[in-house]
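Q: coords please:
(2 chains)
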Amino acid sequence: MASVTLSQVRKSYSGFEVVHGVDLAVQSGEFLVLVGPSGCGKSTLLRMIAGLEDITDGTIGIGDRIVNDLPASQRNLSMVFQSYALYPHMSVRKNLAFGLSNLRMPKAEIDRRVAEAARILQINELMDRKPRQLSGGQKQRVAIGRAIVREPQLFLFDEPLSNLDAELRVQMRVELANLYNRLGTTMIYVTHDQTEAMTMATRIAVLNKGNLEQVGTPYELYNSPKNLFVASFIGSPKMNLIKGRATAGDVSLTGFGTLPLSVGTGDVTVGIRPEHLRIGEPGDVTIEGTITLVEYLGSELFVYVALADGQTVLAQAPGHAKHTRGDKVSLGLNGRDAHVFDANGSRIEVPA
Amino acid sequence: MTDTTLSALDTAEIARAYREAKARRAKRSAILKHIFLIITSLIMVYPLLWMLASSLKPDNEIFGDLGLWPSEFQWQNYWAGWNALPVSFTRFFWNSTVVTVLSVIGNVISCSFAAYAFARLEFSGKTLWFALMMMTLMIPYHVVLIPQYLLFLNLGWVDTYLPLIVPRFLAGDAFFIFLMIQFFRQLPRELDEAAMIDGCSPFKIYWAIIMPLSLPAMATAAIFSFIWTWEDFLGPLVYLNDIEDYTVPLALRSFISSDGVSQYGPMFAMSILSILPIILFFIIFQRLIIRGIAMSGLK
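A: Alright, predicted model coming up:
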């Protein structure tokens, strides 16, 4: 197990900077998920930690060593790739043993570790097959097996589940979480899927355009996003964002009403999660609207409501609720559920 | 009630008629296609058959009779041909084998090294070197023949096999390099990266990952290299003077000798024997191409 420390890490490709001075401390034994939209630099950051990509500026430390100039093989880490990158011409057994034999490890020790990994991942009956004879989920297991046989101090995952179908993805997510609980090794996991991030991470780091927007537990990110980007990125479906104006003691929301919040003065954006817009219930503010679309998901309903001024907001209702298109409904909202952001998109803490 | 059953029968009848008409059309077009293909194949293969027939004909029949069937089979042409020259063909075949096998090995190893460097490694001036390499593809062999001859003459290599073999070990054939670069490029880079993390040096990546996955490209290069070297006439003609050192193509030419008395039957017999190794080599290595593609599972 090792901690990972990034300080002022930058990356540019022929003068074009894609990662702008990231500071990040991953604690030993932590499951950190790097999340962000595509092109935000999360994979680049992971590849720099792995040693597959040069670091333009700044330092990366693993444990108490600065690893900037250390080749990937000497950083004592394993990586699981999106495409699995299993060696197609080797059997599963050889795929697992390949890295160990490169370390000139004694044969008995290699056999022991390979057998152990096969047992943990339940791939015993696959050991003599070639990768092309495996299904996607089996390939994924073998790729993870190849990572764990090395008994590294750090695991890196680069969108490992994105090639799997939905059902398998959920299953592998659970298995990965179990594996983490069992091994307790530091893990850094890159994904663009926020469900993966929310469910597996001890902490999440949100990246946007090469900048680190916020690092925190899933709870912190969901309940107190530091800025508008994190607020709209975390949470599915997205948070409703409503423009408004703060004056002393309250915030007037365009086409919505006035919330009793004292957040200074100036232009603000108020974020309200769909589950906090209560249909047909009272709140600090209530507003009338017409339902334009209902999405039924079984356990809940997502209801799109057009307000009088034309903007559409999304509200969540329990699955048994009866709403149909064209219904007139009232939405209730409480001030304590609102996330307020200033004109620059930074969070304004609302005094309780 | 009868109405519906009748119409069901009717549709079955109509469907059968359509099916049969379609089968008839397909059969007719298949016959036409095959006739055309057989005739074309015969035209293409006629010279080869003519050579095979001539190798079994008496000398006076070869040019007098365009027919393929010999009046009597002259099997002794093969025995006569094998020993017709001052040095026996055992020697020539051995010489050709040495030159060709070494050339194939040299080409495959050195060209794949060069290709690996171009496809995967970073070095300064890479694009310039690549452009230069590609330019050599456009220079005809005959342009460099004389400077090259002078070079080897000064090295004292004329009259040895060195000029035919050593350049093969120096990645001299841009065509093979280009072929392999294209193949290497389509191998996923994540394999290299996984191997890097698994502790492979660039050479180990080449040897343990790239090389085994590139069997089809290697086999293609080996086949072409074999054919081109085996049937090369100009190279041996320029560099080899001693009949003891002759390769098969040079020896074949010796049949048409200065004294005007040419033994055509034995010459064609030896010509037939000279193409057997190429066919054999091709059969063996084209299996490798197919197996390689199946094994890598990349396609």
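
Q: quick one, what contacts A:T312?
A: A:292, A:304-306 (CB atoms under 8 Å, 6 or more residues apart in numbering or on different chains). Every residue, glycine included, has its C-beta placed from N, CA and C.

Q: mind putting these in JSON lines, neighbour count included?
A: Output for the contacts of A:T312, formatted as JSON lines (neighbours: other CB atoms under 10 Å in any protein chain shown):
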{"residue": "A:T292", "neighbour count": "12"}
{"residue": "A:Y304", "neighbour count": "18"}
{"residue": "A:V305", "neighbour count": "26"}
{"residue": "A:A306", "neighbour count": "14"}
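
Q: Tell me which entries of the residues you listed lie within strands.
A: Among the contacts of A:T312, the ones falling in strands (DSSP state E) are A:292, A:304-306.

Q: Now do the contacts for B:F130.
A: Contacts of B:F130 (CB under 8 Å, 6+ apart): B:F118.

Q: Ramachandran coordinates for it?
A: phi -60, psi -40 (degrees, to the nearest 10).

Q: Check whether A:V18 really touches A:V9, as I assumed.
A: No. Using CB atoms under 8 Å as the test, A:V18 is too far from A:V9 to be in contact (11.3 Å).

Q: any idea which of the ones in strands among the contacts of A:T312 is the one closest to chain B?
A: The closest of the ones in strands among the contacts of A:T312 to chain B turns out to be A:Y304 (CB to the nearest CB; 41.3 Å).

Q: Can you give me the domain boundaries for the chain?
A: Looking at chain A here, since you left the chain open. What automatic domain parsing lists as the domains of chain A is A:4-232, A:240-348.

Q: my bad, chain B
A: According to automatic domain parsing, the ranges for chain B are B:2-77, B:80-296.

Q: Show me the shaky parts of the stretch 51-200 of chain B.
A: Scanning the stretch 51-200 of chain B with the threshold set as pLDDT under 70 gives no residue ranges.

Q: at 80 what do you get?
A: The stretch 51-200 of chain B contains residues with pLDDT under 80 at B:59-68, B:70-72, B:74, B:84.

Q: Strands of that one, residue ranges please.
A: Using DSSP state E, counting those that start in this stretch, the stretch 51-200 of chain B contains no strands.

Q: same check, this time on the stretch 201-350 of chain A
A: Counting by DSSP E, counting those that start in this stretch, residue ranges of the strands within the stretch 201-350 of chain A are A:203-208, A:211-216, A:240-247, A:250-253, A:257-259, A:266-272, A:278-279, A:285-296, A:300-307, A:312-318, A:328-333, A:339-341, A:347-348.

Q: The helix or strand where A:T44 lies: which residues count as buried?
A: Using DSSP states H and E, A:T44 maps to helix A:42-50. Going by neighbour count (16 or more other CB atoms under 10 Å in any protein chain shown), the buried part of helix A:42-50 is A:42-50.

Q: Repeat that for stretch B:182-193.
A: By neighbour count on 16+ other CB under 10 Å, the buried set for stretch B:182-193 is B:183-184, B:187, B:190-193.

Q: now those residues as TSV including distance to chain A?
A: Formatted as TSV, these follow (distance: CB to the nearest CB, whole Å):
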residue	distance to chain A
B:F183	14
B:F184	14
B:L187	9
B:E190	4
B:L191	5
B:D192	9
B:E193	5
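
Q: Out of those residues, which sit inside helices?
A: When DSSP state H defines the helices, the subset of the buried residues of stretch B:182-193 inside them is B:183-184, B:190-193.

Q: Give me every residue in chain A lying close to chain B.
A: Contact residues (CB under 8 Å from any CB of the partner chain) of chain A with chain B: A:50-52, A:71-73, A:77-79, A:81-83, A:85-89, A:98-99, A:102-103, A:130-132, A:146.

Q: taking those one by one, which sit in helices?
A: Going by DSSP H, the helices hold A:50, A:98-99, A:102, A:146 from the residues of chain A next to chain B.

Q: related to what we said a few turns ago, mind checking the strands of the stretch 201-350 of chain A for the one nearest to B:V99?
A: Judged by CB to CB, the one of those that comes nearest to B:V99 is strand A:203-208, at 60.2 Å.

Q: so what strands line up beside that closest one?
A: strand A:31-35 (parallel), strand A:211-216 (antiparallel) (DSSP bridges).

Q: highest average neighbour count across those?
A: The highest average neighbour count among the strands paired with strand A:203-208, using mean count of other CB atoms under 10 Å in any protein chain shown, belongs to strand A:31-35 at a mean of 25.

Q: And the pLDDT at B:S257?
A: On the pLDDT scale, B:S257 is placed at 67.

Q: Mind putting the domains of chain B into CSV with distance to A:D23?
A: Output for these, formatted as CSV (distance: least, CB to CB, whole Å):
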stretch, distance to A:D23
domain B:2-77, 71
domain B:80-296, 25
